[in-house]
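In: fold the following and give me the result.
(one chain, ligands or ions: 2)
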Amino acid sequence: MNIYYDENMPYAVDFFKDLGTLHPFAGRSLTADDIKDADVLLVRSITQVNQALLAKNTCLKFVGTATIGVDHIDQPYLASRNIAFTSSPGCNAISVAEYVISCLVVLAERYCLTLSNLTVGIVGAGNTGSRLSEKLTALGIKHLLCDPLLAEQTQDNRKFYSLDEVLKCDVISLHVPKTMTGPHATYHLLNQLKLSQLTDQQILINACRGEVIDNQALLALKQAGMQTKLVLDVWENEPNILCELIPYCEIATAHIAGYSLEGKARGTEMLYQALCKQLGVFAEKQLKNFIEEANISQLTINQPFSEVLLNQMVKLVYDVRRDDGIFRQQISSYGFDHIRKTYPARREFSAVNINITKQAQGDVWHHLGFN
Ligand SMILES: NC(=O)C1=CN([C@@H]2O[C@H](COP(=O)(O)OP(=O)(O)OC[C@H]3O[C@@H](n4cnc5c(N)ncnc54)[C@H](O)[C@@H]3O)[C@@H](O)[C@H]2O)C=CC1
Ligand SMILES: O=C(O)C(=O)[C@H](O)COP(=O)(O)O
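Out: Ligands and ions are numbered 1, 2, ... in the order given. Modelled structure (predicted):
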């Protein structure tokens, strides 16, 4: 069995080597000729899986993406050819939530803001929005959820707000899929009209898909003096992004919010489990047996919770300014994809085991995700 997999998929060899012959590929440049004899195709978000890519293959049985987003996959086409498909829901949701927490900590420090005084609006309350909500709850930060699709479901008894209500929050964090059609399509959800409602004091974070914000409209507003603080991890038309926007960002990164080692590797593990199920074999391998210990794996907390301590703890594990710095330094000479491919190690809070002394008390750290 020929298994083709994206070279940017950690632990792919460990997981899949016993299931077939492995063929790594560069996700952006994969062609129909390259995968003529693929039985299994395992991609990440930069590979468009559609009729054109599969035109020369007649043996493909399984496609998997080690990502949450599925906007790069033509699912109706796969179904029409009876090719099984699986994605990796929630695989890197914690990573994105920790990216947002790191951004909040950095911006609070930069602008002397008290985090517990802020209200955060979460647009999209699925896996990622929910992980962020849990962390904000742990920190006592008020937040409002907007998710018209979940609001319609009676089994979800959380309180939901309209987009216009949530757009009035001090911080707005976007966590919706990219959808082009339907009553709740997210393409340019934040268009010129919505963007122009934002005030100079607000913070707007996009770590879902670039196309959810009209980037040209945002640039025009910024050029006209808009002071809303911007955090952009995702951009329209990646990898050929609108670089003129970068100087207007407080934090700018190369679509790496979900790039913790755990987040990426969980995606690989989820594909392994799905492929084993498809093949009818027992999934005996587990990520916890491969993943290495973090550089900082033990910490003692010996003082009560404070926002100063939070700042130190978060930055110790993941300081988003590192990724912002790399992005600004490298984007013009190396380009977007290179920054992503050479992403330096990053771990989730859960990779750190904390020892909380008596003086410190409280389990806020565990609720925040530390082990
Ligand atoms: N920057 C990065 O590295 C990453 C980005 N993402 C992106 O984030 C997106 C969201 O991730 P998850 O929360 O895990 O997906 P999810 O599918 O669990 O949740 C998405 C939620 O958005 C809601 N939604 C859809 N349209 C909406 C609208 N118009 N307004 C408000 N809510 C709406 C859905 O009802 C759903 O509850 C993914 O589809 C992916 O595109 C995901 C992982 C990493
Ligand atoms: O999971 C998703 O959805 C994401 O956006 C991933 O972080 C994308 O990473 P790549 O697949 O582009 O490596």
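
In: from here on, just use CA atoms for contacts and neighbour counts.
Out: OK.

In: mind listing what the nearest residue to residue 39 once chain neighbours are set aside touches?
Out: In this structure, residue 39 finds its nearest non-sequential neighbour in residue 60, 4.2 Å apart by CA to CA, 6 or more residues apart in numbering. By CA atoms under 8 Å, 6 or more residues apart in numbering, the contact set of residue 60 is 37, 38, 39, 40, 41, 83.

In: which phi and psi does residue 60 have?
Out: Recorded main-chain torsions at residue 60 are phi -70, psi 130, according to degrees, to the nearest 10.

In: so what's it scoring on pLDDT?
Out: At residue 60, the predicted lDDT confidence score is 98.

In: ligand 1 versus that one, what's the distance?
Out: Distance from residue 60 to ligand 1, counting by CA to the nearest ligand atom, to the nearest Å: 25 Å.

In: coming back round to it: mind listing which of the contacts of residue 60 are in strands?
Out: Secondary structure from DSSP state E places 40, 41 of the contacts of residue 60 in strands.

In: of the contacts of residue 60, closest to residue 64?
Out: Of all the contacts of residue 60, residue 64 sits closest to residue 41, with 6.4 Å by CA to CA.

In: near ligand 1, which residues of the chain show up?
Out: 68-69, 90, 92-93, 96, 123-129, 146-150, 175-178, 184-186, 207-209, 233-234, 255-258 (CA under 6 Å from any ligand atom).

In: may I see the buried residues of stretch 43-63?
Out: Using 16 or more other CA atoms under 10 Å as the test for burial, stretch 43-63 gives 43-49, 53-54, 57, 60-63.

In: from the contacts of residue 60, which two are the most distant?
Out: 37 and 83 (14.3 Å).

In: just checking, which of the residues of the chain next to ligand 1 belong to helices?
Out: Among the residues of the chain next to ligand 1, the members found in helices (DSSP state H) are 93, 96, 127, 128, 129, 148, 149, 150.

In: list the contacts of the fourth one.
Out: If you count contacts by CA under 8 Å, 6+ apart, residue 128 has them with 90, 93, 94, 96, 97, 175.

In: could I get those as a markdown table with neighbour count, pLDDT and distance to residue 198?
Out: What follows is the contacts of residue 128, written out as a markdown table (neighbours: other CA atoms under 10 Å; pLDDT from 0 to 100; distance: CA to CA, whole Å):
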| residue | neighbour count | pLDDT | distance to residue 198 |
| --- | --- | --- | --- |
| 90 | 19 | 98 | 29 |
| 93 | 23 | 98 | 26 |
| 94 | 26 | 98 | 27 |
| 96 | 26 | 98 | 23 |
| 97 | 27 | 98 | 23 |
| 175 | 27 | 98 | 18 |
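
In: out of those, who's near ligand 2?
Out: The subset of the contacts of residue 128 within reach of ligand 2, by CA under 6 Å from any ligand atom, is empty.

In: nearest to residue 14 among those residues?
Out: Of all the contacts of residue 128, residue 14 sits closest to residue 90, with 21.6 Å by CA to CA.

In: that closest one reaches residue 130, doesn't it?
Out: No - contact between residue 90 and residue 130 fails when scored by CA atoms under 8 Å: they sit 10.1 Å apart.
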